[in-house]
Structure formats: C-alpha cells, structure tokens
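> Take a look and give me a structure for this.
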Amino acid sequence: MAYDEFLADRARQVLKQKSVHFEEKKMMGGLCFMVHEKMCFGLDTDKKTDAPRLMCRVGDLNYERALQRPHCSQMDFTGRVMKGYVYVSAEGIDTDKELDYWIQLCLDFNPLAKSSKKRAKKK
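A predicted model of the protein is given here:
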C-alpha cells in the first residue's frame with residue numbers, strides 16, 4: 001500500500017465532521033481526496049523515509065506562508081517543484097488539530113482551483 005490507511009481514516013473523519021462531500025481516487029501512487037471533482041489533497045508515502053505524508057493543494061496565495069510552517073516542504077513529485085502544492089510530513093499532522101488545519105487550508109483553496117480537463121474515454 002502506497003499510503004497509510006490510518007491517516008486516510010483520520011482524513012475521512014475530518015471531512016465528514018465538516019460535512020464535505022468527497023470522492024477518493026487512487027492515483028499518483030497514493031490516495032487523492034476529490035472535492036467538487038477537483039483534487040483537494042492526497043496521501044502517499046515518502047520514499048526516502050517510508051513515512052506517511054499529506055500532499056496539500058494550497059494554491060499560489062498560501063504557498064509561501066505554508067512553507068514557513070514546521071514539517072512542510074515543496075512538492076516535487078516529478079522531480080520538478082509544483083508551485084501551489086506542498087508536502088506535510090507525518091510530524092506535521094500528528095495531532096487532529098494539525099491535520100484539520102491542513103485539510104481546511106486545502107478546502108479553502110478548492111473553490112479557486114481549476115478542474116483538470118476530462119479525458120475522453122477509450123472505446
């Protein structure tokens with residue numbers, strides 16, 4: 001499994017407590033939480049440390065401020081920095097309050113996020 005199931009359960013609980021309708025999609029070697037058909041945040045495992053982490057879509061406006069927080073780093077999933085996205089290590093989401101903070105930051109950005117283009121289904 002490429003993501004931590006306990007962390008996934010914690011994330012589901014946060015979204016349910018906030019009455020947020022979401023979908024889950026396994027992608028990018030992890031699990032993505034989709035809100036309004038847009039990637040809101042995801043979970044994967046850091047290949048260097050084998051520790052779970054949160055992938056947050058925070059947007060350009062919150063990007064620099066997010067990077068100032070402890071246990072947060074640039075997302076370089078493809079080897080290239082993805083501006084507007086950050087990783088939060090397991091230490092940064094240890095408490096429910098910390099996890100709630102990051103998920104709320106992603107939810108706040110979600111209405112501003114652009115949807116990815118739909119791919120045509122193969123026949």
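
> Every contact and neighbour count from this point should use C-alpha atoms.
Fine.

> Strands of the protein, residue ranges please.
For the chain, strands defined by DSSP state E occupy the ranges 23-27, 30-35, 38-45, 52-57, 72-74, 85-89.

> what's the angle from the last one to strand 52-57?
Pointing back at strand 85-89 there. Calculated by axes from the mean of the first three to the mean of the last three CA atoms, to 10 degrees, strand 85-89 forms an angle of 160 degrees with strand 52-57.

> Other residues contacting strand 85-89?
For strand 85-89, contacts defined as CA atoms under 8 Å, 6 or more residues apart in numbering pick out 51-59, 63, 66-67, 71-75.

> The helix or strand of the chain with the lowest mean pLDDT: partners in the sheet, and parallel or antiparallel?
None of the helices or strands of the chain scores lower by mean pLDDT, DSSP states H and E than strand 23-27, at a mean of 93. Strand 23-27 sits in its sheet next to strand 30-35 (antiparallel), going by DSSP bridges.

> Kindly calculate the angle that the strand it pairs with makes with strand 38-45.
For strand 30-35 against strand 38-45, the angle by the same axes, to 10 degrees is 160 degrees.

> what separates strand 30-35 from the chain centre, distance-wise?
Counting by CA atoms, centre = their mean, to the nearest Å, strand 30-35 is centred 7 Å from the centre of its parent chain.

> beta partners for the most centrally placed residue in the chain?
In the chain, the centroid-proximal residue (CA atoms, centre = their mean) is Phe41; its distance is 2.3 Å. On the basis of DSSP bridges, Phe41 is bridged to Phe33, Cys56.
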